[in-house]
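Novice: fold the following and give me the result.
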Amino acid sequence: MIVLRPINTPQTLKFIPREYNATKIVLVDESTNTQVEIDATFTQDKYYLTTDITFSLIEGRFYNLTVYNINDIVYKDKIFCTSQNVLDYSINKDVYTSNVTDNEYIIL
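Specialist: Numbering: from 1, shown residues only. Take a look at the predicted model:
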């Protein structure tokens with residue numbers, strides 16, 4: 001899974017493809033099932049294909065990523081959009097409050 005941020009500046013997409021030619025990216029929003037097609041320029045970096053693209057993503061949503069070389073699928077993955085740090089990510093950030101207790105039990 002690829003984690004991207006909901007920002008309007010270029011983000012680097014780096015992956016190991018099935019073949020080293022690619023022409024476009026198709027993103028499908030899993031919540032609304034809307035599809036966006038992006039023409040991209042890819043460069044090969046050793047075993048990777050990389051591109052810098054400005055995505056229009058919404059916080060907390062999953063997207064299906066498909067990279068094509070004309071009509072052939074070169075790479076498939078899932079994207080998650082979050083502004084949180086990936087290492088500290090919590091689905092309950094600013095939502096969940098824990099119950100505070102002193103754990104004292106009465107034994108009869």
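
Novice: please count neighbours and contacts with C-alpha atoms only from this point.
Specialist: Noted.

Novice: what sits up against stretch 51-68?
Specialist: With contacts defined as C-alpha atoms under 8 Å, 6 or more residues apart in numbering, stretch 51-68 is touched by 5-14, 22-31, 40-43, 73-83.

Novice: how far off centre is stretch 101-108?
Specialist: Relative to the chain's own centre, stretch 101-108 is displaced by 45 Å; criterion: C-alpha atoms, centre = their mean, to the nearest Å.

Novice: let me see the ranges of the strands in the protein.
Specialist: Under the criterion DSSP state E, the chain contains strands at 2-4, 11-15, 24-29, 35-39, 43-45, 48-53, 62-69, 72-81.

Novice: within the sheet, what are the partner strands of the fifth one, with directions?
Specialist: Going back to what we said before, that points to strand 43-45. With DSSP bridges as the test, strand 43-45 is paired with strand 48-53 (antiparallel).

Novice: so the partner strand versus strand 11-15, what angle?
Specialist: Going by axes from the mean of the first three to the mean of the last three C-alpha atoms, to 10 degrees, strand 48-53 is angled at 160 degrees with respect to strand 11-15.

Novice: ok so, going back, just the buried members of the contacts of stretch 51-68?
Specialist: 5-7, 14, 22-29, 42, 73-76, 79-82 (16 or more other C-alpha atoms under 10 Å).

Novice: worst-scoring helix or strand of the chain, pLDDT-wise?
Specialist: Lowest by mean pLDDT, DSSP states H and E among the helices and strands of the chain is strand 2-4, with a mean of 87.

Novice: list the buried residues for it?
Specialist: By neighbour count, with 16+ other C-alpha under 10 Å as the criterion, the buried positions of strand 2-4 are residue 4.

Novice: what's the neighbour count on the residue lying closest to residue 73 once chain neighbours are set aside?
Specialist: Leaving aside its sequence neighbours, residue 73 sits nearest to residue 67 (C-alpha to C-alpha, 6 or more residues apart in numbering; 6.0 Å). Under the neighbour criterion other C-alpha atoms under 10 Å, residue 67 is assigned a count of 24.
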